[in-house]
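# only geometry, no sequence info:
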């Protein structure tokens, strides 16, 4: 007996999330004895609620294979989290109605900790209602803050982008420091976890090679010690490169900078740390400073993706389907590290409840005592994750992405209004 499968993407994108989608769809097509049609929700859980489902039967094998090269989320994503079951049970019941209308017995949610909470709650309600639904979470986040997995697909490529950008910027600033700019600041994502800022430390092959200052979200910002760190590096090497988490906080736990103009369901968008740091340096040290915000570039740079990251993202999609078909549902796919050098890993899984809405931060032993660098332990952990290249096909000098038809299935239920 077969059932249909629904796949959905959630939260911020990565350069390899579509590789996970590719793994899901190809693996599902290889299991006709278990899985019938494959649907993808338009704009994540929002599309599932509003019955906006792409029918992937219309997509060719070649087009699906091409998803390995495509950044962004081909089916659309959202920052819409389902609310507490007790107060918003109608949301979950609506999802079950949509699933029943389309004979969906398998659900894969590709996202971070918040998405795993949604998946875990949906599994709970489906059991209460007696609906036969199997749920598996597919990990994804460039922040690398998912618990119980060696890394989160998407992080390795974003980390590679940050490390390469910091190294190349260092070459540029070094050439101008004698007559112009002495400090460059790169602001990277990381609300509570400083993994991407830590990845900036890979810009140098050996500790101390470059005059770097890393500002991780795990460490409270102190203006005096920060300015002294910058001054010391400029005095010693003529310039300084700073990689800063957007989620820097002061000693009272307050974000240094918030973009209050962008709120989505109580989700506050951060931004402005780099500009603020530049102003402090100019005021107190007088150095000419330039800054940049990596923003979407760090998570969409498929041309610079880590081959390790790509392979893991695809493997997570394949493994998720295997778990659904072979009785491992109610879990999130994870990656288990077996060795650092050479890097070896294997697939594993953990219960959804063990990772739902949890955050994994940079460990203390990964951060140098002064708070401005990474240790050898951090380098051993990070380096394998950015290794290798897997360039997308280029046409006329730019990446070529195979388009999908993206045909919506006919709706069978009344319209649903989002809260």
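Okay, I see it. Predicted model only: the values in this text are computed from it and were never measured.
# quick one, what contacts residue 244?
Counting by C-beta atoms under 8 Å, 6 or more residues apart in numbering, residue 244 makes contact with 185-188, 197, 214-215, 273-274, 277. C-beta: built from backbone N, CA, C; applies to glycine.
# so what pLDDT did the residue lying closest to residue 55 once chain neighbours are set aside get?
Residue nearest to residue 55 in three dimensions, not counting chain neighbours: residue 409, with 4.3 Å by C-beta to C-beta, 6 or more residues apart in numbering. Note on residue 409: pLDDT of 98.
# wait, residue 409 sits on residue 53?
Yes. With contacts counted by C-beta atoms under 8 Å, residue 409 reaches residue 53, the gap being 4.7 Å.
# please enumerate the shared neighbours of the two.
Contacts common to residue 409 and residue 53, judged by C-beta under 8 Å, 6+ apart, are 39, 102.
# between the two, which one's more packed in?
The neighbour count for residue 409 versus residue 53, taken as other C-beta atoms under 10 Å, is higher for residue 53 (26 against 18).
# OK, contacts around that one?
6, 39-42, 47, 98, 102, 408-409.
# try 7 Å this time
6, 39, 41, 47, 102, 408-409 (C-beta atoms under 7 Å, 6 or more residues apart in numbering).
# out of the residues you listed, which is most surrounded?
Neighbour counts for the contacts of residue 53, by other C-beta under 10 Å, peak at residue 41, which reaches 28 neighbours.
# just the pLDDT for the most centrally placed residue in the chain.
Nearest residue to the geometric centre of the chain (C-alpha atoms, centre = their mean): residue 141, 1.9 Å. Note for residue 141: predicted pLDDT of 97.
# do the same with residue 224
Reading off the model, residue 224 has pLDDT 98.
# now it: how far from residue 230?
Using C-beta to C-beta, to the nearest Å, residue 224 is found at 11 Å from residue 230.
# more neighbours: which of those two?
In this view residue 224 and residue 230 are compared by other C-beta under 10 Å, and residue 230 has more residues nearby, 26 against 8.
# isn't that one up against residue 240?
Yes. Between residue 230 and residue 240 there is a contact under C-beta atoms under 7 Å: 5.1 Å.
# sketch out the low-pLDDT regions of the stretch 201-350 of the chain for me.
Within the stretch 201-350 of the chain, the stretches with pLDDT under 70 are 259-269.
# show me how the record splits this structure into domains.
In terms of domains, the chain is parsed into 3-140+303-358+388-399, 155-302 (source: automatic domain parsing).
# dump the ones you listed into CSV; add distance to residue 380 as well.
Listed next are these as CSV, based on distance: least, C-beta to C-beta, whole Å:
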stretch, distance to residue 380
domain 3-140+303-358+388-399, 5
domain 155-302, 11
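# quick one: which of these is nearest residue 379?
For these, the distance to residue 379 is smallest for domain 155-302, at 7.0 Å, taking C-beta to C-beta.
# and residue 74, helix, strand or coil?
When classified by DSSP: H, G, I helix; E, B strand; the rest coil, residue 74 comes out as coil.
# just give me the longest helix of this structure.
helix 155-176 (DSSP state H).
# now do that one: distance to the chain's middle.
Taking C-alpha atoms, centre = their mean, to the nearest Å, one finds helix 155-176 lying 19 Å from the centre of the chain it belongs to.
# can you check stretch 294-309 too?
The answer for stretch 294-309 is 10 Å, by C-alpha atoms, centre = their mean.
# please apply the same query to stretch 324-339.
18 Å.
# same question for stretch 95-112.
On the basis of C-alpha atoms, centre = their mean, stretch 95-112 sits 22 Å off its chain's mean C-alpha point.
# which one of the domains of the chain lies nearest to residue 370?
Closest approach to residue 370 among those (C-beta to C-beta): domain 155-302, 7.1 Å.
# first residue to last residue on the closest one, what's the distance there?
End-to-end distance for domain 155-302, by C-alpha to C-alpha, to the nearest Å: 12 Å.
# just stretch 190-202 next, same as before
Distance between the two ends of stretch 190-202: 17 Å, counting by C-alpha to C-alpha.
# residue 14 versus the residue lying farthest from the centre of the chain, what's the distance?
In the chain, the greatest distance from the average C-alpha position (C-alpha atoms, centre = their mean) is reached by residue 179, at 38.9 Å. For residue 179, the distance to residue 14 equals 39 Å [C-beta to C-beta].
# equivalent analysis for residue 48, please.
21 Å.
# do the same with residue 22
For residue 22 relative to residue 14 (C-beta to C-beta), the value is 13 Å.
# likewise for residue 226?
Note on residue 226: its distance to residue 14, by C-beta to C-beta, is 30 Å.
# pick out whichever of those two has more residues nearby.
For residue 226 versus residue 14, neighbours defined as other C-beta under 10 Å are more numerous around residue 14 (31 against 21).
# show me what contacts that one?
Residue 14 makes contact with 140, 142, 153-154, 157-158, 299 under the criterion C-beta under 7 Å, 6+ apart.
# give me the nearest residue to it, chain neighbours excluded.
residue 154 (2.9 Å).
# would you confirm that the one you found contacts residue 141?
Yes. With contact defined as C-beta under 7 Å, residue 154 reaches residue 141; the gap is 5.8 Å.
# ranges for the helices of the stretch 251-400 of the chain?
Under the criterion DSSP state H, counting those that start in this stretch, the stretch 251-400 of the chain contains helices at 273-285, 295-300, 307-325, 376-382.
# out of those helices, deepest packed?
helix 307-325 (a mean of 24; mean count of other C-beta atoms under 10 Å).
# circling back: residue 111: which of the contacts of residue 244 is nearest?
residue 188 (20.2 Å).
# which residues does the closest one contact?
By C-beta under 7 Å, 6+ apart, the contact set of residue 188 is 162, 196-197, 243, 245-246, 294, 298.
# and the residues you listed, which is closest to residue 31?
When the contacts of residue 188 are compared against residue 31 (criterion: C-beta to C-beta), the nearest one is residue 298, at 35.1 Å.
# was I right about the closest one contacting residue 156?
No. Judged on C-beta under 7 Å, residue 298 makes no contact with residue 156 at a distance of 11.9 Å.
# about what we covered before: what secondary structure does the residue farthest from the centre of the chain sit in?
coil.
# okay, it: pLDDT?
Looking at residue 179, its pLDDT is 97.
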